[in-house]
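>>> My questions concern the predicted model and sequence given below.
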Amino acid sequence: MKKRLFVYGLCLLGLPSGLLAKGDKETLLYKDAKVPIEKRIDDLLSRMTLEEKVSQLNQYTLGRNNNANNVGDEVKNVPAEIGSLIYFNSDPALRNQVQHKAMEESRLGIPILFAHDVIHGFRTVYPISLGQACSWNPKLVEQACAVAAQESRMSGIDWTFSPMIDVARDGRWGRVAEGYGEDPYANAVFGVASVKGYQGENMADGKHVAACLKHFVGYGASEGGRDYVYTEVSPQTLWDTYLPPYEAGVKAGAATLMSSFNDLSGVPGSANHYTLTEILKQRWKHDGFVVSDWGAIEQLRSQGVAASKKEAAMKSFTAGVEMDMMNNCYNKYLAELVSEGKVSKTSLNDAVKRVLRVKFRLGLFDQPYTPVIADKDRILKSESVAVAKKLAEESIVLLKNGNNILPLTRFSRIAVVGPMAKNKEHLLGSWSAHGRPEDVTSIYDGLESEFKGKAKLSYAKGCDFDGADNAGFAEAATAAKEADVVVICLGEKRGWSGENASRSTLALPQIQEDLVQEIKKQGKPIILVLSSGRPLELNRLEPVSDAILEIWQPGIAGGIPLAGVISGKINPSGKLAMTFPYSTGQIPIYYNARQSARPHQGKYKDIQTTPLYEFAYGLSYTTYQYGDLKASATAVKRGQKLTVEIPVTNTGARDGAETVHWFISDPTCSISRPVKELKSFDKQLIKAGETRVFRFEVDPERDLSFTDGTGKRILESGDYYIIVKDKMLNINILD
Ligand code: NOJ
């Protein structure tokens, strides 16, 4: 591979162009920062040879081999003309070395675009996206993404493959950890927040990066929760479920998208002209570019739509994938395809322009290098860590609090038990390449410092995450016996979710469940703490637990916010962005399913039909009373808006943050619509005893309409319901 790239690089260096002499570089139009970007692009494009153009459309990797002795070779092997590199390193110096080669050794001095999967933080790792969504605080998510952007850019990365906004409703699919849950609107709102955080106002300011909406589109529909498999997505579902987050992300200015592995009823996402060109480029006018997922072009062969890599290159490129990520298809065949007339010069030029546009917008032509500054000035800055902690805090969902056992204010001996209690690594979650376990505070350490002087802690691991070894049960039982309360810390290893990490069940491995049952025998109250990358099956653990807290994979904050919740310093405010089924056999189960023909029948014979914890569920240490829904008008004509409001009173003794979710329902329509659909949400701090009014401005065209299978929005006249918790208000759209 290395050898091949090297040869390829040499070929490019030897291009017969005669267009540019080295000394001319500084005087060229495309090098002039004062010239408008589109003019610079045109000027540069007019100077490029076919091979140089093709080079811009390829992405290789750099920095996987951290051995200092090999770095020189790595730099040598990267062609100076390459469009982009996935940069696995975090050292700006190596990037600069390679960039120097591109700027100085290539004929035109086109900077390389350095990319990486910065999914939930760079070094300051914050919670996985599924956890972030449970905060219902997009402003905070935007801040966290801005932190990730700053750390990345200052470490040599210009472009992150994030956010993932694939609506996902099957917790067996490991990638549910990477997205914002089961709802299209939530994915749209958090996707937009991420794009804003990553890209800021100006991607060229040295602190921001280009975002990448992925995986376009329908990947979340993976059958049976297995990865990389066939997906059946009807045109209707494509438009009303999978596309809306992408449309919002594109409108928010996302620079790039990644084409998906899956197919849409037989047409792979990476060879789909309809989604990539007709929808994305023609209808939505996206002017950035699409990168294939890793290997997604050559995989068109495995998917049975291309007989050769060359055909795969042709199909992907003509469908609208501009950049080839690690397929070696475009670099080998694109020039040939153009010469043979199978790919038009116009579409090649358009693709190159798109890639260059993103590079110009990132300011790479004017500032190709990353300033080399001390670690402490770019990573883990105190204000960055504070954002990560706050987001971890707001992500925590209190699922059960029997007899208000939490917060733990009246116990002096606390046993902390379970394989997650002292583990740091798994709290980082998947896709946290630059995260380090030593930056994480374990649950035990968090509790120890929180309860210092207030309670005595003991510890027993009890068992491992899986396997059958229960030799530690006795020690755990003794710890429980000698304590007043037991905090049992269970969950998933970081590698159990993320890409290619499906599980056949949402239940925890038997050994972990057995540990809880064993502790239960001691008769002490049980606080179950769960860290996972997906919703879990808790029907056997729920009855034996007095309280349950889901902390997801919180990142470096680890056990600190959790300890605050357990002690009562923090009032939990997270609510689920994804349903917790009663059992795995209920999957698919999600709140916004279409209406049933017989809503009161069709139940399971063996288990309850409702989930254990539904979407938007989450408890607090205080109580809220929802007043009556009121509308500024109950009947409006098309084109008119109305405002609905609801007063919410904090009837408890302590302040809390409450999220109001606004749903709509269309009881009769020309198509069967979901039982209810989330259209807005708002989180506000409500002081004890205070009443706050939550408002939602309903724009019927936007909030009550539906889309058909071609993307046409239709607003029908008639009745609609506005729903908040168990309150419902009827409004009418007049003819
Ligand atoms: C494959 C994954 O599907 C995608 O999400 C990721 O960005 C790329 N690999 C690059 O690592």
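Sure, I can see it.
>>> what about R695, neighbour count?
Applying other C-beta atoms under 10 Å, we find 14 residues neighbouring R695. Yep, even glycine has a C-beta here, placed from its N, CA and C like the rest.
>>> Repeat that for the one 10 residues further on.
Other residues within reach of S705 by the criterion other C-beta under 10 Å amount to 17.
>>> For it, list the residues it contacts.
By C-beta atoms under 8 Å, 6 or more residues apart in numbering, S705 lies in contact with 713-716.
>>> Which residue comes closest to it once chain neighbours are left out?
Once flanking residues are discounted, S705 sits nearest to L715: 4.0 Å by C-beta to C-beta, 6 or more residues apart in numbering.
>>> now S449
A563 (7.2 Å).
>>> Tell me which helix or strand W136 sits in.
Here W136 sits in a region with no helix or strand, counting by DSSP states H and E.
>>> which phi and psi does the residue nearest to S705 have?
phi -110, psi 120 (degrees, to the nearest 10).
>>> isn't it right up against D708?
No: with contact defined as C-beta atoms under 8 Å, L715 and D708 do not form a contacting pair (11.9 Å).
>>> Who has more neighbours out of these two?
Neighbour count, other C-beta under 10 Å: between L715 and D708, L715 has more, with 17 against 14.
>>> And the more buried one, what's its pLDDT?
At L715, the model reports a pLDDT of 98.
>>> do G14 as well
35.
>>> for N69, same thing?
At N69, the pLDDT value in this model is 63.
>>> Same check on G9?
pLDDT at G9 comes out at 35.
>>> Which positions in this protein make contact with the ligand?
Within the chain, the residues that sit near the ligand (C-beta under 6 Å from any ligand atom) are 117, 161, 214, 293-294, 499.
>>> Check which residues of stretch 540-552 are buried.
541-542, 545-552 (16 or more other C-beta atoms under 10 Å).
>>> need the helices for the stretch 101-250 of the chain, in chain order.
129-134, 138-154, 184-199, 235-237, 244-251 (DSSP state H, counting those that start in this stretch).
>>> TSV for those, including mean neighbour count?
Listed next are those as TSV, based on neighbours: other C-beta atoms under 10 Å:
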stretch	mean neighbour count
helix 129-134	30
helix 138-154	25
helix 184-199	26
helix 235-237	16
helix 244-251	23
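>>> Residue of the stretch 51-200 of the chain closest to the ligand, please.
F161 (3.5 Å; C-beta to the nearest ligand atom).
>>> Run through the residues that contact that residue.
115-119, 212, 214, 258, 291.
>>> again, only using 10 Å
Contact analysis of F161 by C-beta atoms under 10 Å, 6 or more residues apart in numbering lists 86, 115-119, 210-215, 256, 258, 291, 293-294, 325, 431.
>>> Let's see which of these end up in strands.
86, 115-116, 212-215, 256, 258, 291, 325 (DSSP state E).
>>> among the residues you listed, which two are most distant?
Spatial extent of the ones in strands among the contacts of F161 (C-beta to C-beta) is set by the pair I86 and L213 at 17.5 Å.
>>> Settle it for me: which of the two has more neighbours?
Between I86 and L213, counting by other C-beta under 10 Å, L213 is the more crowded of the two (31 against 20).
>>> residue boundaries of the strands in the stretch 301-450 of the chain?
Remark: strands assigned in the stretch 301-450 of the chain by DSSP state E, counting those that start in this stretch are 324-325, 397-401, 413-417.
>>> Same list, those strands, but as CSV with mean pLDDT please.
Below are those laid out as CSV (pLDDT from 0 to 100):
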stretch, mean pLDDT
strand 324-325, 98
strand 397-401, 99
strand 413-417, 98
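>>> Show the contacting residues for K521.
477, 480-481, 544.
>>> same thing with L29?
Counting by C-beta under 10 Å, 6+ apart, L29 makes contact with 35, 39-40, 42-44, 46-47.
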